[in-house]
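1. I'll drop the sequence and a predicted model, then ask my questions.
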Amino acid sequence: MTRPVPAIVILGNGSLATARRIQQLYPDALIHGLAERVEGADRVYHEFGATLRELYQQGTPVIALCAAGIVIRTLAPLLLEKGAEPPVLAVAEDGSAVVPLLGGLGGVNVIAREVAAHLDVAPAITTSGELRFGTCLLNPPQGYALGDLTLGKRFVSDLLAGETVRIEGSAPWLADAQLPENEQARLTVHVGHARREPAANELLIYPRNVLVAVAGESTPVSGALHEALHQAGIAVQSVACLLAADTEMSSSSLREVALELGVPLRFVSAAGVGSELVRQAIGQAVSIVGDDAIAIAVAEQPLDPMQIGRPRGRLAVIGLGPGAAELMVPAVKAELARANDVLGYETYVRMAGPFRADQVLHCTDNREEMQRARHAFELAAQGRSVVVVSSGDPGVFAMAAAVLEALHESSDGAWHGVDLEILPGVSASLATAAQAGAPLGHDFCVLSLSDNLKPWEIIEKRLDLAAQADLALAFYNPISRSRPWQLGRALEIVGQHREPATPVVLGRDIGRPGQTLRVTTLGQLSVDQVDMRTMVLIGSSTTRVFPRPDGQLWVYTPRSYGDKLTPIQ
Ligand code: SAH
């Protein structure tokens, strides 16, 4: 069963060697290095605090190569919030100390032991129960679930106070533990999938060996499922996975039940009653109870849901923003982290990286949009988590519309069953406008000057009307080698309705290395100042400029259209 991949975070070049050694242990883990301090990290970050908190909030295990105190202070504001806590460790830069800090129930000590063994030092384990018994009783291995944490803590403190314990059921991982076992003990570790009332003298551990299959049309609400488990005398904590026919992939009630139980929802292609779905999904011998609508199968051993059927595929069309990592929205970062496949124009795929070795990149030519969209659906329909990347916002002259068009044209049920989401990004017009001030502060019109996908007459008509309507204008795709004259013609049309003194902003490679921002006027603008990596913003009749202390200009279009406005200087 897979554990989440940790992030290794370093602050300076001095830690890189230790970071790489830890990476040998977790080959999929990326090393996050502070910009301008670390050369050769897998991923660059600019702000330590924000980065660490973001990783923590996403539930990513963190191995930080710095003082424990720095990590504690950084995460302190988040610690009072309830919720699952990922493992967080501080490791000395030179690898001489490994300190598990947070995430005791997320297995921080397990990671600490692994890392310490690899670095050939002793981990700083401070958990009393674990030190005494050699295992954290409250953190059973994958495939097992603890019944109740509060009762569990009490149980462990009773054990630490000197009581003995009996083990009922099969707990192979406790074989090596140094537990004070005694057949007559009052305290019992009970391992089993049967429903059981919690009691203070019992530590209940449930093997996740139960599969619940929900058949066809009869998608039940959570009540029916709980009732079926109750009837069968099975603890809900033992459910490892919810199974359904792939025709039910879009069912929101199934999704809600799985979420409520905290288990993965998996699918098989078979139709039919619940017991048939189970037989399709698992080869091993299982006993099946329950009716045709809800079948409950109990396996001998804990089940790995990842090996059962397949998940609902996911397709996310994401916007990277203009380029700079700080301008990428957190939902997009999280989506990139969970992706199995990444599709897009090579430049943008590279911008979205780096990627782990297990992530598959499909780089294609920028013009093959529909083909790329269909490929994305084919991959997602197999149950993979697929990301299609665009720069800026995916809905602005980019992949989102192509993906929706491909879906609209398709009658393939598997494509329509994919969990499709569009995640926005900061579009080039907005990123450029923000750097210049607020040139789009009033009504504005966004146009692509490319006549590859629409007739030039339409563009002329829109330009004419938008300029007449005194909208500020944002031109995407202003010029290219194959479209050399279009921008000149566009400016001529705008010039029929706007003064030569109208402010113009040219943003080139905004948010990328070597970005430039230039403020000029419509009269002074010449097409050779513009290329295909430039965003052109043209003011309305009210757009104004004034100097900044550094000699640059602020540009803004006032919120009000009042007649008190003075003409542009
Ligand atoms: N989806 C993108 C736009 C794609 S169209 C977005 O929302 O930003 C491509 C055009 O966008 C380019 O020709 C250029 O005009 C503009 N553009 C994209 N990224 C840019 C950047 N970083 N700086 C300036 N212009 C950019």
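-> Sure, I can see it. Because the structure is a prediction, the values reported are computed rather than measured.

2. residues near the closest residue to the ligand within the chain, how many?
-> Scanning the chain for the residue nearest the ligand gives residue 392, at 1.9 Å (criterion: Cβ to the nearest ligand atom). In this view, the C-beta of every residue, glycine as well, is placed from N, C-alpha and C. Counted by other Cβ atoms under 10 Å, the residues lying close to residue 392 total 27.

3. now it: how far from residue 449?
-> 16 Å (Cβ to Cβ, to the nearest Å).

4. repeat that for residue 127.
-> Taking Cβ to Cβ, one finds residue 127 at 63 Å from residue 449.

5. these two: who's more crowded?
-> residue 449 (20 against 16).

6. thinking the more buried one is in contact with residue 487, fair?
-> Yes. With contact defined as Cβ atoms under 8 Å, residue 449 reaches residue 487; the gap is 6.1 Å.

7. and for the two, which residues touch both?
-> Taking Cβ atoms under 8 Å, 6 or more residues apart in numbering as the contact rule, residue 449 and residue 487 both touch 475, 478-479.

8. so which of the residues you listed sit within strands?
-> Assigned to strands by DSSP state E, the following of the shared contacts of residue 449 and residue 487 qualify: residue 475.

9. contacting the ligand as well, which ones from the shared contacts of residue 449 and residue 487?
-> residue 478 (Cβ under 6 Å from any ligand atom).

10. could you redo the shared contacts of residue 449 and residue 487 as CSV and give each row distance to residue 268?
-> As requested, the shared contacts of residue 449 and residue 487 are exported to CSV (distance: Cβ to Cβ, whole Å):
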residue, distance to residue 268
475, 51
478, 51
479, 53
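
11. looking at the shared contacts of residue 449 and residue 487, which has the most residues close by?
-> Within those, residue 475 tops the neighbour count with 26 neighbours, counted by other Cβ under 10 Å.

12. doesn't residue 532 make contact with that one?
-> No. Using Cβ under 8 Å, residue 475 makes no contact with residue 532, being 11.2 Å away.

13. and residue 295, how many neighbours does it have?
-> Residue 295 has 24 nearby residues by other Cβ under 10 Å.

14. tell me the pLDDT of it.
-> Each residue has a pLDDT score; the one for residue 295 is 88.

15. what bridges to it?
-> residue 213, residue 290 (DSSP bridges).

16. residue contacts, it?
-> Neighbouring residues of residue 295 by Cβ under 8 Å, 6+ apart: 212-213, 215, 273-275, 277-278, 288-289.

17. can I get those residues in JSON lines with distance to the ligand and pLDDT?
-> Formatted as JSON lines, these follow (distance: Cβ to the nearest ligand atom, whole Å; pLDDT from 0 to 100):
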{"residue": "212", "distance to the ligand": "43", "pLDDT": "92"}
{"residue": "213", "distance to the ligand": "43", "pLDDT": "90"}
{"residue": "215", "distance to the ligand": "44", "pLDDT": "84"}
{"residue": "273", "distance to the ligand": "48", "pLDDT": "76"}
{"residue": "274", "distance to the ligand": "46", "pLDDT": "74"}
{"residue": "275", "distance to the ligand": "49", "pLDDT": "78"}
{"residue": "277", "distance to the ligand": "42", "pLDDT": "80"}
{"residue": "278", "distance to the ligand": "46", "pLDDT": "81"}
{"residue": "288", "distance to the ligand": "51", "pLDDT": "76"}
{"residue": "289", "distance to the ligand": "53", "pLDDT": "77"}
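
18. out of those, which end up buried?
-> 212-213, 215, 273-275, 277-278, 289 (16 or more other Cβ atoms under 10 Å).

19. those residues of the protein touching the ligand, which are they?
-> 322-323, 390-393, 396-398, 427-428, 432, 476-478, 507-512, 532-535.

20. torsion angles phi and psi at the closest residue to residue 34 other than its chain neighbours?
-> Distances taken as Cβ to Cβ, 6 or more residues apart in numbering put residue 11 closest to residue 34, at 5.2 Å, once the chain neighbours are dropped. The phi/psi pair for residue 11 (degrees, to the nearest 10) reads phi -110, psi -20.

21. residue 11 - how many residues pack around it?
-> Based on other Cβ under 10 Å, the number of other residues close to residue 11 is 19.

22. need the contact list for the closest residue to residue 104 other than its chain neighbours.
-> Distance criterion Cβ to Cβ, 6+ apart; nearest residue to residue 104, sequence neighbours excluded, is residue 127 at 6.1 Å. Contacts for residue 127 (Cβ under 8 Å, 6+ apart) come out as 104, 109, 136.

23. let me see the confidence value for the first one.
-> So the one you mean is residue 104. On the pLDDT scale, residue 104 gets 83.

24. my read is that it contacts residue 136, right?
-> Yes. Residue 104 is within contact range of residue 136, at 6.7 Å (criterion: Cβ under 8 Å).

25. what sits closest to the residue most central in space within the chain if chain neighbours are left out?
-> Centroid-nearest residue in the chain: residue 334, 1.7 Å away (criterion: Cα atoms, centre = their mean). Ranked by Cβ to Cβ, 6+ apart and with sequence neighbours excluded, the top spatial neighbour of residue 334 is residue 58, at 5.5 Å.

26. centre of the chain to the helix-or-strand element of the chain with minimal mean pLDDT, how far?
-> Within the chain, no helix or strand scores below strand 287-290, which has a mean of 74 by mean pLDDT, DSSP states H and E. Relative to its chain's centre, strand 287-290 lies at 37 Å (Cα atoms, centre = their mean, to the nearest Å).

27. which strands and helices lie in contact with that strand?
-> helix 222-232, helix 274-281, strand 294-298 (3 or more Cβ pairs under 8 Å, 6 or more residues apart in numbering; DSSP states H and E).

28. any low-confidence regions in the stretch 1-150 of the chain?
-> Along the stretch 1-150 of the chain, segments meeting pLDDT under 70 span 1-2, 81-83.

29. repeat that with 50
-> For the stretch 1-150 of the chain, the stretches flagged by pLDDT under 50 are 1.

30. identify the residues contacting residue 471.
-> For residue 471, the contacting residues are 443-445, 540, by Cβ under 8 Å, 6+ apart.

31. er, residue 106 I mean
-> 61, 84-87, 139.

32. how does it look with 7 Å?
-> 84-87 (Cβ atoms under 7 Å, 6 or more residues apart in numbering).

33. ok, for it, nearest residue in space, not its chain neighbours?
-> residue 87 is the one closest to residue 106 (Cβ to Cβ, 6+ apart), at 4.7 Å.

34. wait, that neighbour sits on residue 107?
-> Yes. In this structure residue 87 lies within contact range of residue 107 using Cβ atoms under 7 Å: 5.8 Å.

35. which residues in the stretch 201-350 of the chain form strands?
-> 202-207, 210-214, 239-245, 265-268, 287-290, 294-298, 310-311, 314-319, 341-345 (DSSP state E, counting those that start in this stretch).

36. swap in the stretch 451-569 of the chain?
-> Ranges of strands in the stretch 451-569 of the chain, per DSSP E, counting those that start in this stretch, are 472-476, 503-508, 516-521, 534-538, 544-547, 553-556.
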